[in-house]
Structures are given as C-alpha cells and as structure tokens.
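**Q** sharing a model that was predicted from the sequence below.
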Amino acid sequence: MNFRPFRRISQPPQPRVTCRIDPLMPRNLSHQPHDHRSKERHRLGRRALIIVETQYSKPGTKIRNLLDAWRIDSKVEAVANSLPSLTHGEKGKFAVVFFENFSTYLNMDSWNRQLLDKYCQSFSVGIVGFVQAKDEESTLENIEGFPLTVEYNVQLVDYRLNIYSDVWRVTKPGEIFEGGLPGDTWSVFHFNDSNYEPLAYSLLLSTLENQPDYDSEEKYRVPVIHDRGQVDGIQRVLFGGSLDFWLHHVMLMDIISYLSHGKLSMTLDRYIQIDIDDIFVGKEGTRMKVEDVEALVASQKRLQAAVDGFHFNLGFSGRYYLHGTPEEDAGDKKLLEYRHQFWWFGHMYRHEQAHKLDLSSLESTMISNKQFAQDYDIPVTQHYAVAPHHSGVYPVHEELYQGWRSIWDIKVTSTEEYPSLYPFWRRRGFIHNGIMVLPRQTCGLYTHTVFVADFKSGLQDLEENFKGGELFLTILYTPFNIFMTHMNNYGNDRLALYTFEGVVKFIQCWTNLHLLSVPPVQLGINYFHMFPEEKDPIWQNPCDYKRHIAIWSQNKSCNRLPRFLVVGPQKTGTTALYSFLSMHPGVTSNVNSPTTFEEVQFFSSNNYYKGLDWYMEFFPDPANTSATMLFEKSATYFDNENVPQRVFSLIPRAKIICILIDPAKRAYSWYQHMRSKADVTALNYTFYSIITADERMPRHVRELQSRCLVPGMYAQHLVRWLDYFPSRQVFIIDGEQLRNNPIHVMHKLQQFLHVQPYFDYSQHLRYDSQKGFFCQVLTDRRNKCLGRSKGRTYQPMDEVSAAHLRHFYRKYNINLSKLLNRLNTPVPDWLQEALSDED
Ligand SMILES: Nc1ncnc2c1ncn2[C@@H]1O[C@H](COP(=O)(O)OS(=O)(=O)O)[C@@H](OP(=O)(O)O)[C@H]1O
C-alpha cells in the first residue's frame, strides 16, 4: 500500500501569525472602518473605466480581474482610442477611472484630457494611477502640472500605512509588513504640499544598509499618495508599486470605495464555511486518529472565537466508516462521539459519482447513507449536500437534483464548476429545481496534501498561501466562501487546521473584515439576497469544457443542439420559413411542443429553467438521423433581452436568422393575431387606441401596446444580438422578399448555412393563387399551404394609424438603415420607402 505512516517526524506545525503592531502608532487611536457613503447625491453608475496601454497588458488585466471578482462592471479602453462616452443623460457612467500607467494620463492629448478632467470634476469622480518603473537607473522627475516629484527604481523595505487617512475601511492600519517589498522597481513620491497625503511609508533599503539609524525621517519614502483634489477638484491616488504586492489589493479595495463615495464599496462581512467532504474516505495511513479529532475540536473552538457561529461541516459516505487501521477506526468513533459539535451533510453512501447513476440507483445510495446517519444518530439537519467530484451539479444531472429533493430534502449545495473552475474569482451561484447552488472555493489543499512536505516546496509556501497569497485574496475578494477540504488534510500534519487558523489570524491583523458563519440554507438565502441577478442560471455547452464533459452523463450528446436558429420577430413570415426549411433533406427541426407547437421557446420563457436535458429532448440524436443540421425557430427570441446572451452561452457557433418586414405592418398583423386568439384587450380596443395609448389608459392596454410595438424597433434588438454574435453568423432576411420570391431567399440562405445537399426550391415551391402565397408543391395540381392562421384576411390598416406608425417608427428605421449599411446588408425596398416618406 502506498502510504508513509512514519513520515511525520515532529508535531504538526502550528501557525505562527502574530500581529506586528506598529510602535509608531499612537495608543487609543480608533481602528473603526470608514464609511465612504456621502450625503451628497452622486449620480454615478456602478462601473469603472480602465485605460490601458494595450488590451493585453497585464496591469490592466489585473485591475479588471479584481473588479470582476467584486462584481463591478468595467470598461477597458486602449490608449490609442478616444475616450468612450462618459455620461448617460444626467448620470456619470463611471464611478472611478484607472490608468494602468499614469503617464498615459499625463500624455493624453489636450482635448481628451480636458474632457476627462471635466467629467471627474463635475461628477466628483477620482482617478487611480500606477506609476510604472523607468528603464534608466534611479532618476528623479517632476510630474508636469503637479507639485510632485517621482523618484524611480528604488528598493524598499518595511511597509506601514498612514493610520490617519480616511481611506481605510477594509484595511486595518497600524500593522507593519516587515522585510523587502516584492519587486525591485518601486517608485516613490516627494512633495511639499498639504494637498498630498501619504497613504503608505517605506524605508529605503540603500540608506538602511549605509546607516542603520531607523528613526531618521529622511529614510522614509512614500510609495502611495493621495492627491486630495484641493488644487483642481480631482482626487487621485497614485501607486508607486504594482498589484504584485498583496497589500495593494486590500488598499485598492478601499481606495475604490473612497473615490466612488461608497458607490463601489463592498460589504465587510465574509462568510466562511469549511466543508470536510470525505470524513470517512481515505486510505489507511492518511485517516484521522483520536488525537487528530481532539485537535479538530480544539481548533474549531479557537476558530469560533474569530468567526462568529463557525462549525466544521462534515460530509460522510457511510460505507467507509471504520475502514482504517485500529488507531484510525478509534478516530472515526471519536468523531461520532463529538458528532453534536459539528454540522453534517450526506455525501453518497459509496462515494459514487452522481452523473453515472440513474434516478433509482441514486435514490438507493442516498437512502443507504441516510440509514447510516440514523443508525449512528448523526444530526443531518442542514438541508445541504455536496456531490462527490462535483459530479452532476453543473452541468446538471437532473436525477441528482430529484434524488436530493426526494430523499434528503436538500435546499442548498455548492460547486466549483459554475460557470467554470477557472478563474476562481468568476465562480458564481444559481438556483435550479428549487436548490440553491453556491460557488465553492479551494484553499490549496487536496486529498494528497497530507504532510507539510507534500505542499509545493513546504512550510513557507503553505504560509504564503494565507499570508497575502491565494487563500487570503480569495477571502478578500469573495463575500461568501465555501471551502472544500478532505479528511486527509486533518490527519497527520493537519494542514487544514494550520492553514485556516493562519488565514483567520492574518485577516484579523490586516483587515477589518468581519468573519462569520451561518447555516448553509441561511448562507444561500443571504447569497441570493446580495446577488439576486445570479438566481437565473446561464447554461453552457458541457462539451466546450473538458472537465464538464467528464462529470456530465455519459449517454448525453452535445450534438443534440441546434446549429442555427430562426429568431423572429413574430409575424414576419417565420412559419413560412420554418416550413420551407423543413422540406430540406439536410436540415431537421425540433419535434413539436405540446404547448407551443413548432416553437420550443426555450431561451425566452420559463422553459429555460427546465434545463438543458429538457431542451435537448426536442432534437433527434444526429446519430439516428441522416440530416446533419438541426435547427429551431421561435419567433419570441428576437426581441427578448435575455435571449442573445443565453443562446451565445449555449451555442456560440450557431447561426442566427431573422426576418424583417415593415414594422408598422408587423404591428398590425400582430394585433390581428391577438384578436383571432380572442385576447380580450385586442377585441375591446381598436388598433389605433392601442398604438396611441398613453399613461391614462389602463395598464393592460399599455402592456399590449408595448408587446405590439417594441419588437418593431429592429435596430436596438439587432444590436443586442450583435453584442454577442459576430455579424458573419447573423443573416437578415427581407420578409417581403421571402413572401414574393422565396425561391431566391432559400437559395441565399442555403449558401449562408453551407447546408448539403443543395435543394432546388424552384422544384418544390410555387405560388398558390387561392392562398395568395407561395406553398409547397405536392403534386402537379396540389399544393400544401400554411394553415388559416398564416396569411389571414383582414381589413387594411386605417390611414390614421398608418401615419402614426410611420412617424413612430421613423427614428428606429433610420437606425436600422444605418446598421444595415454598416453590416453591408442590402436595405429592403420597404425600408427605403418608409424613409423616403416626408414626415
Ligand atoms: N408563404 C406564406 N404563407 C403564409 N404566410 C406567409 C407566407 N410568407 C409570409 N407570410 C406572412 O407570415 C405572416 C405570419 O408570420 P409568422 O409565421 O412569423 O407568425 S407567427 O409569429 O409565427 O405567429 C403572415 O401574416 P398575416 O398575413 O398577418 O397572417 C403572412 O403575411
């Protein structure tokens, strides 16, 4: 057996974190975090502007990543371009502006510089700049236009914060970072003006080496400075060092909060949950013994002093209870003796991967585990579960969710895989089938990290992980932390206890973060209260990620997804196009839905919450059909705000087809459609009264008005599609041409789709004089036309309504013609006519 029981020579390591209180700090000075919200009303968006040298440069990417982690939207603009528009009506779009290289700001052309400065002054928006190193040897340089001198290329030691600054919120000043600072290319600032306030002080390494007189003031340098805006009304913070230094991340969080008047502040609460996934699963030699269990209980007590309400959360696979050496079995029994001290959750009885099991096998393993819990009186009361290997949680294996609900009444779970494992700061939550799925984090420990020596290059790396390293930054960035650990991390060298006690102490030394734990269901409720926009999942194609295929059901195929979509809008001839496409031997549509017939309406309705399996059931497995190209048409997709993003996430290479007719005609056809469906409002109100309804009209009339008119604002919907899909994947059909010359349209469409074999529609479509439309040729004399609901007969639109709509749609039509020109798409005759009309 491959284990090393004698590897541990001494006792497990104890974390050696002690706060180094700055001796220069006056006693009794308050550490209270500052609240940056201001009484003044600043009309600013929750967004940041990052000006970079190139789209790929690293400092800008780092800034964007950390904003991403804090869910702050950012716009990245390369220097060469002009500034993006900064305002939206009365509102400033950006609450803070970053320059990854401050000299970019200094060298901006005067027009852009004035524009930006004016924006910052009027909206009281601050600037953060990073002063980059110079290639030359150490130099001094005056900053043009500022009473400020920069000294480049200095080496610094020891770093302390200005305890008097109002900027600190997360950062707890009064601690010293001792020793050399990362990187040897720091810049420091010299000034003699009360407008500038140092945010940090460091010592010059060179002067220290020459004269070891620590107290002399000349040795202090200022690597981060706050320009308080007294000169030109713009507050700026300049960093002389990069984000390679972990403390700059903490400081930056506060600086963003301060400069944005609290608009971009983040809560100080950090929830901590530590799951021990496999408390009974581990090879002999790696399992917990009695003294490890005692250490776990003692550590939990210490952690509870720092983390309100903390409990280790123990997952169990009952089958593996008492599967170690006699000493380790005694450890298992000890754990159960202490069972009421911990939280517990069911894993899987045999630690099976959920995605490999059907519902009945899943239920049976869950029942066995539940029986085990009952036999040993384990208090499993948290409605929380984790799937072994994250399998079946995301991508979703529906049977896992069903089993969890029916057997365990699970309400919350967690995974690292949504939307993907990396980058860790972009992991998010969602709710599916009544179960809240929360993002999970790794702490750097895995099943194989049993001994200190197994962790990278040993104790120092382990320590770095929490002393400003990845684990520390994870907690800094993430308000809700659910950490995955394993039983092996608590036996032998007990690396998990070392790591978590270490990080908690370190956080206490350097930050004002409030660490706390709440039971998992409450955690889920709090999570979606803070991030309600995450409740809706965004489904992706499991085959786009190797890790996802591996934990998705083996008998599912990603090929059961459409290669192109006809997205609408409604009443433009989408059914005719659907029927023409269905005639093509190389193309297969979805099967009919019992409720919405040929339209699946997955991306635009609550069907989306039914999940991917539900959607794929509408399509044949391509292995069982000769047609290669699957497609779907749902006319409700075109103008729905959520749909382009949802479609792009799932089928980013899909082609998108839409049909446009005169929007006024479309609106009228839609009104007639609603009347024929016996819509009470459409029956009781004339077309004119609906399209002209103002706020004095009843709500249901206004709602019908919006459903009638909004889809016809074509350009704004198209732009949303083009935000996600490249224009080469989008095909726009002139609906009048489809109606009058479908053979030509189908020829062009086949070329666009590259569909095989070529289908000669001139042999299969012909004009039916009775129907007044083109129909499918069945025999020499018989045609198959669309039903009575397509190509209805109704009174022509009255002239007053037509005039009103001509006026109403004019600006939208102008935008459409500009967009079509930009896309190199011919402008349809009806659009040319509409625009040639005098208004
Ligand atoms: N070949 C053929 N046969 C029948 N109808 C045709 C055809 N080509 C285009 N049209 C026009 O399509 C209009 C219905 O559009 P949709 O199919 O998109 O409507 S729906 O949104 O699916 O309800 C329908 O609108 P109405 O005339 O108002 O019924 C037709 O004008």
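**A** Arrived safely, thanks for sending.
**Q** how about low-confidence regions in the stretch 51-200 of the chain?
**A** Within the stretch 51-200 of the chain, the stretches with pLDDT under 70 are 80-81, 138.
**Q** quick one, helices of it?
**A** Along the stretch 51-200 of the chain, counting by DSSP state H, counting those that start in this stretch, helices occupy 58-69, 102-106, 110-123.
**Q** which residue packs closest to H486, ignoring adjacent ones?
**A** With CB to CB, 6 or more residues apart in numbering as the criterion, H486 has its nearest non-adjacent residue at 4.8 Å, and that residue is T447. In short, each C-beta sits where N, CA and C put it, glycine included.
**Q** ok, the one you found - contacts?
**A** With contact set as CB atoms under 8 Å, 6 or more residues apart in numbering, T447 has these partners: 278, 282, 286, 486, 488.
**Q** most surrounded residue in the residues you listed?
**A** N488 (27 neighbours; other CB atoms under 10 Å).
**Q** can you count the residues close to the closest residue to K411 other than its chain neighbours?
**A** Nearest non-adjacent residue to K411, counting by CB to CB, 6+ apart: H383, 4.1 Å away. Counted with other CB under 10 Å, the neighbours of H383 add up to 20.
**Q** tell me the helix or strand right after the lowest-mean-pLDDT helix or strand in the chain.
**A** Lowest by mean pLDDT, DSSP states H and E among the helices and strands of the chain is helix 205-210, with a mean of 70. As assigned by DSSP states H and E, the chain's next helix or strand after helix 205-210 is strand 220-227.
**Q** for that next one, the distance to its chain's centre please.
**A** The chain centroid and the centroid of strand 220-227 are separated by 35 Å, computed with CA atoms, centre = their mean, to the nearest Å.
**Q** helices and strands around it, which ones?
**A** strand 148-154, strand 156-161, strand 186-191, strand 196-204, strand 236-239 (3 or more CB pairs under 8 Å, 6 or more residues apart in numbering; DSSP states H and E).
**Q** now for the second one, which elements pack on it?
**A** The criterion is 3+ CB pairs under 8 Å, 6+ apart, and the helices and strands that strand 156-161 contacts are strand 176-180, strand 196-204, helix 205-210, strand 220-227.
**Q** rewinding a little: quick one, grab the pLDDT at the residue nearest to K411.
**A** Predicted confidence (pLDDT) for H383: 98.
**Q** the stretch 701-839 of the chain: helices as residue ranges?
**A** Using DSSP H, counting those that start in this stretch, the helices found in the stretch 701-839 of the chain span residues 714-724, 735-740, 742-753, 799-822, 829-836.
**Q** out of these, which is closest to the ligand?
**A** Nearest of those to the ligand, taken as CB to the nearest ligand atom: helix 735-740 at 4.2 Å.
**Q** before we move on, back to that, please identify which of the helices and strands packed on strand 220-227 is closest to A550.
**A** Closest to A550 of these is strand 236-239 (CB to CB; 41.9 Å).
**Q** outside of that closest one, which residues touch it?
**A** Under the criterion CB under 8 Å, 6+ apart, residues 102, 126-131, 167, 189, 199, 223-227, 229, 248, 255, 259 lie in contact with strand 236-239.
**Q** again with stretch 649-656
**A** Against stretch 649-656 from outside (CB under 8 Å, 6+ apart): 538-541, 544, 561-565, 567, 612, 647, 721, 724-725, 729-731, 752-753.
**Q** for the helices of the stretch 701-839 of the chain, could you give me a markdown table that also reports mean pLDDT?
**A** Formatted as a markdown table, these follow (pLDDT from 0 to 100):
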| stretch | mean pLDDT |
| --- | --- |
| helix 714-724 | 97 |
| helix 735-740 | 98 |
| helix 742-753 | 98 |
| helix 799-822 | 97 |
| helix 829-836 | 95 |
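**Q** same list (those helices) but as CSV, adding mean neighbour count and distance to Q155.
**A** Converted to CSV, the helices of the stretch 701-839 of the chain look like this (neighbours: other CB atoms under 10 Å; distance: least, CB to CB, whole Å):
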stretch, mean neighbour count, distance to Q155
helix 714-724, 18, 47
helix 735-740, 20, 70
helix 742-753, 18, 61
helix 799-822, 16, 53
helix 829-836, 14, 66
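**Q** same for the ligand: which of the contacts of strand 236-239 are within range?
**A** Counting by CB under 6 Å from any ligand atom, nothing from those sits close to the ligand.
**Q** around the ligand, pick out the residues from the protein.
**A** With CB under 6 Å from any ligand atom as the criterion, the chain meets the ligand at residues 570-576, 635, 669, 672-673, 738-739, 773-774, 786, 790-792.
**Q** which of those count as buried?
**A** The neighbour count (16 or more other CB atoms under 10 Å) marks 570-576, 635, 669, 672-673, 738-739, 773-774, 786, 790-791 as buried among the residues of the chain next to the ligand.
**Q** tell me the most buried of the helices and strands packed on strand 220-227?
**A** strand 236-239 (a mean of 25; mean count of other CB atoms under 10 Å).
**Q** mind listing what that strand pairs with, with the direction of each?
**A** strand 126-130 (parallel), strand 220-227 (antiparallel) (DSSP bridges).
**Q** could you check the angle strand 186-191 makes with the first one?
**A** Taking axes from the mean of the first three to the mean of the last three CA atoms, to 10 degrees, one finds strand 126-130 and strand 186-191 inclined to each other by 130 degrees.
**Q** over to the longest one?
**A** Relative orientation of strand 220-227 with respect to strand 186-191: 70 degrees, computed using the same axes, to 10 degrees.
**Q** turn the contacts of T447 into JSON lines, including secondary structure and distance to R696.
**A** Output for the contacts of T447, formatted as JSON lines (DSSP: H, G, I helix; E, B strand; the rest coil; distance: CB to CB, whole Å):
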{"residue": "D278", "secondary structure": "coil", "distance to R696": "65"}
{"residue": "G282", "secondary structure": "coil", "distance to R696": "72"}
{"residue": "T286", "secondary structure": "coil", "distance to R696": "75"}
{"residue": "H486", "secondary structure": "coil", "distance to R696": "65"}
{"residue": "N488", "secondary structure": "helix", "distance to R696": "70"}
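**Q** nearest to the ligand, of those residues?
**A** D278 (53.3 Å).
**Q** pretty sure that closest one contacts G346?
**A** No: at 11.9 Å, D278 does not count as touching G346 under the criterion of CB atoms under 8 Å.
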